[in-house]
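Novice: Need the 3D shape of this:
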Amino acid sequence: MIRPDVRAAIVAHARSCAPEEACGLIAGVGNEIRMVYPLTNARRSPVSFLIEPAEHFGALRHAERNGWELIGAFHSHPTTEAVPSAVDAREAGEPDWLYLVLGAVGEPRLRGWRIRSSGVEEVPLVESPEET
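Specialist: Modelled structure (predicted):
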């Protein structure tokens, strides 16, 4: 389930970072997203991202204090569709994470993915009717 406030936070972060890729982390319990952390793209690139390490650690500590775990990451593609690139697939380090990609071409579109050594598989995102 993806809540409207989660989607809105990702879209807002992507708009504020354009024309560079926006990025961040996702915390939750199981498959339930509790928090998104809009973070700094240390690469400051329009075609790739690297989460600022100190911010990654800060998000991890915050999540743990709240009884959550990091369950994924998100980033934007300012000029392409919401499909992981070859770089995204190569650099994905957590095979159990949910990777959200926001395609910012035209109307922003958010899609979910599992990226494993065996390949990239789309995870359907179900809209939650309300914020929790």
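Novice: All the strands of the protein, residue numbers only.
Specialist: Applying DSSP state E to the chain gives strands spanning 23-29, 32-39, 69-77, 98-103, 109-116, 119-123.
Novice: how about the ones you listed, which one is nearest V11?
Specialist: Set against V11 and scored by C-beta to C-beta, those come closest in strand 98-103, at 6.6 Å. The C-beta positions use only the backbone N, C-alpha and C, and glycine is treated the same way.
Novice: burial of R43, as a residue count?
Specialist: 15 (other C-beta atoms under 10 Å).
Novice: Now for the spatially closest residue to R43 that is not a sequence neighbour: which residues touch it?
Specialist: Leaving aside its sequence neighbours, R43 sits nearest to L50 (C-beta to C-beta, 6 or more residues apart in numbering; 4.8 Å). Shown here is L50, whose contacts under the criterion C-beta atoms under 8 Å, 6 or more residues apart in numbering are 23, 41-43.
Novice: Can you tell me who the residue positioned nearest the centre of the chain pairs with across the strands?
Specialist: The centroid of the chain falls nearest to F74 when counting by C-alpha atoms, centre = their mean (1.0 Å). For F74, the beta-bridge partners under DSSP bridges are G24, L100.
Novice: any idea how far it is from I2?
Specialist: 11 Å (C-beta to C-beta, to the nearest Å).
Novice: same thing with A22?
Specialist: For A22, the distance to I2 - C-beta to C-beta - is 17 Å.
Novice: So which of the two has more stuff around it?
Specialist: Neighbour totals were compared for A22 and I2, and A22 leads with 25 against 18 (other C-beta under 10 Å).
Novice: What subset of the contacts of L50 is buried?
Specialist: Buried by 16 or more other C-beta atoms under 10 Å: 23, 41, out of those.
Novice: out of the strands of the chain, nearest to L60?
Specialist: Nearest of those (C-beta to C-beta): strand 69-77, 5.9 Å.
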